[in-house]
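Chemist: Sequence plus predicted model, see below.
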Amino acid sequence: MQQDQNLITEELELGSNARASLNNAANWARFIAIFMLISCVIFLLVILAQGSEIISGYNEGFQSYRGLSPGSGLILFVVFLLAGIVFTVIFYYLLSFSLKIKPALIAEDTKQVNKGLGALKIYFIISGIIGILFAFINFLAFGKLL
């Protein structure tokens, strides 16, 4: 009954174990997010700087392979660019979680904890959708081999 009242009044009641776990998760999330954001930015810079070489190299190297069209290199470039942008957004939400949750735990600010957990929720939703999409693509690609 007390737990239902806390949900209604939005009081923050976390035990020391829950606080320690969220704090530890925020530390790891910050480390992973910063590392991956730097990696994504470097990837995007390389893609943008070397885009014409990627397109021409792909078109020249695979022109006769399975009847690929000459525009396949451009499609590959766009796919790489979109993937880099999507992964940058994903790790932005992970960083947002880590930056919001720690001060919220110290201040016992329920709204900020909810915002931090909301950012983590978006991170997991997007990651889940991408995981399902990759599994589906792999099933289509390798299902033909079986």
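Modeler: Everything's here; your move.
Chemist: which helices and strands sit right next to the longest helix anywhere in the chain?
Modeler: Identified as the longest helix of the chain according to DSSP state H is helix 72-107. Under the contact definition 3 or more CB pairs under 8 Å, 6 or more residues apart in numbering; DSSP states H and E, helix 72-107 sits against helix 16-49, helix 51-61, helix 110-143. C-betas here are computed from N, CA, C, even on glycine.
Chemist: Tell me the spacing between Ala119 and Val113.
Modeler: Using CB to CB, to the nearest Å, Ala119 is found at 11 Å from Val113.
Chemist: Then Pro103?
Modeler: As for Pro103, its distance to Val113 is 10 Å (criterion: CB to CB).
Chemist: Tell me which of the two has more neighbours.
Modeler: Val113 (20 against 13; other CB atoms under 10 Å).
Chemist: shouldn't the more buried one be in contact with Leu105?
Modeler: Yes. Contact status for Val113 versus Leu105: in contact at 6.9 Å, counting by CB atoms under 8 Å.
Chemist: list the contacts for the residue most central in space within the chain?
Modeler: For the chain, the residue sitting closest to the mean C-alpha position, by CA atoms, centre = their mean, is Ile90 at 2.5 Å. When the contact criterion is CB atoms under 8 Å, 6 or more residues apart in numbering, the partners of Ile90 are Tyr123, Ile126, Ser127, Ile130.
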